[in-house]
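>>> Whatever this is, show me its structure:
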Amino acid sequence: MTIDKTAIRNAATVIVLRDRGSDPHILMGQRGAKAAFMPNKFVFPGGAVDAADADIPLATQMPAVCRDRLQEDADGSLVHPLGVACIRELWEETGLILGQQGTWDITPPTDWETYAATGHVPTAHPLQFVFRAITPPGRPRRFDARFFLLDADEIATDLDDFSAACDELSHLQWIPLQKAREFDLPFITEVVLAEVEGRVNDPTPPANVPFFKNGDEESLFLRLKGREPNMADE
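From the prediction side, this is the model:
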C-alpha cells in the first residue's frame, strides 16, 4: 500500500524541563542532514503516533484537564495513543524512561521490548498538554503535533545517560532555556519555547492550550478550552 507522505499524521512531542526552580534546561537533539523533515534542526524528542500505540497499556493516565483539551477539535480516541507515543519516542530517541517499576500484562511489542526489559511500565500522569500545531501546507511532511511538558524529576532513569538512544537525534543535550534560541530551531519550536518559559513557575496543567490550525484554506490561532458539554456529560 502506498502511503501519502503529505497526509497529516498525528504526532506527539515531549519537552523535558530540568531544574525548573533554579536553572531551567530543556532536552533537545539535532536531526540529521538528510532527514526529509526539518533537516539539521534542533528539536524536542517526538514523532508520529503508531497504530500499535493504541494497544499499549498505561499504568497511569494524563491529568483529566489535559485529556479534555486533547479531545477538543479531535478524535477522542487519540488521547491514549498520544500519551503512549510520548513515552515511546522519549525512550527511542533519548534512552530515558517515563514509567514506574512493574510487570507488563501483555507481551511487549517489538518497539517496546527493550523498554520492558528495564522492568518498567509506562505512566502518563506527568505529561501536560501545552501546545498543538498542524504543519502548514506545502511541506514534505505534515503533522498534527501535540506538545507535552514533562518535569525531568518524573524520569525514572539517569538524566545524563543517553546510551540507549537510537541515532535519530544527534548531539542530545540539556540546553539552558534562556539559550535555546541560539540554536537552529524550527519556527514552531521557537513559538513553543515562549509557552514553556511562561510555565516554568507553574507546575499545574494549563487551563487552555494554544493551537496553530494550519489548513488548506486558512490558518487560525485558537485556544483549546475544553469540549462543549452535551447531554451525555450531564
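
>>> in this protein, which spans are helices?
Ranges of helices within the chain are 64-71, 79-94, 113-116, 187-197, based on DSSP state H.

>>> Could you pull out the buried residues of the lowest-mean-pLDDT helix or strand in the chain?
Least confident element among the helices and strands of the chain, by mean pLDDT, DSSP states H and E: strand 219-224 (a mean of 93). For strand 219-224, a neighbour-count test (16 or more other CB atoms under 10 Å) marks L224 as buried. C-beta here means a position set from N, CA and C on the backbone, and glycine is covered the same way.

>>> on contacts alone, who are the packing partners of that strand?
Secondary-structure packing of strand 219-224 (3 or more CB pairs under 8 Å, 6 or more residues apart in numbering; DSSP states H and E): strand 209-214.

>>> Buried residues, the strand it packs on. List them.
Buried residues in strand 209-214, counted by 16+ other CB under 10 Å: 209-212, 214.

>>> Likewise for stretch 27-42?
So stretch 27-42, judged by 16+ other CB under 10 Å, has buried residues 27-31, 35, 37-38, 41-42.

>>> Any chance of JSON lines for the buried residues of strand 209-214, columns distance to Q100 and pLDDT?
JSON lines is the format used below for the buried residues of strand 209-214 (distance: CB to CB, whole Å; pLDDT from 0 to 100):
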{"residue": "V209", "distance to Q100": "26", "pLDDT": "97"}
{"residue": "P210", "distance to Q100": "31", "pLDDT": "97"}
{"residue": "F211", "distance to Q100": "31", "pLDDT": "97"}
{"residue": "F212", "distance to Q100": "34", "pLDDT": "94"}
{"residue": "N214", "distance to Q100": "37", "pLDDT": "91"}
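
>>> Now do the least confident helix or strand of the chain: everything it contacts.
Here strand 219-224 makes contact (CB atoms under 8 Å, 6 or more residues apart in numbering) with 69, 72-73, 132, 136, 208-213.

>>> which of the helices of the chain sits most buried?
Of all the helices of the chain, helix 79-94 carries the top mean neighbour count, a mean of 25, counting by mean count of other CB atoms under 10 Å.

>>> helices or strands up against it?
Using 3+ CB pairs under 8 Å, 6+ apart: helix 79-94 touches strand 8-18, strand 25-31, strand 46-48, helix 64-71, helix 113-116, strand 120-122, strand 142-151, strand 169-176.

>>> try 7 Å this time
Contact partners of helix 79-94 among helices and strands, from 3 or more CB pairs under 7 Å, 6 or more residues apart in numbering; DSSP states H and E: strand 8-18, helix 64-71.

>>> Please name whichever of the ones you listed is nearest to L193.
strand 8-18 (8.6 Å; CB to CB).

>>> Now find how far off-centre the closest one is within its chain.
Offset of strand 8-18 from its chain centre (CA atoms, centre = their mean, to the nearest Å): 2 Å.

>>> so what strands line up beside it?
The strands that strand 8-18 pairs with in its sheet are strand 25-31 (antiparallel), strand 46-48 (antiparallel), strand 142-151 (parallel) (by DSSP bridges).
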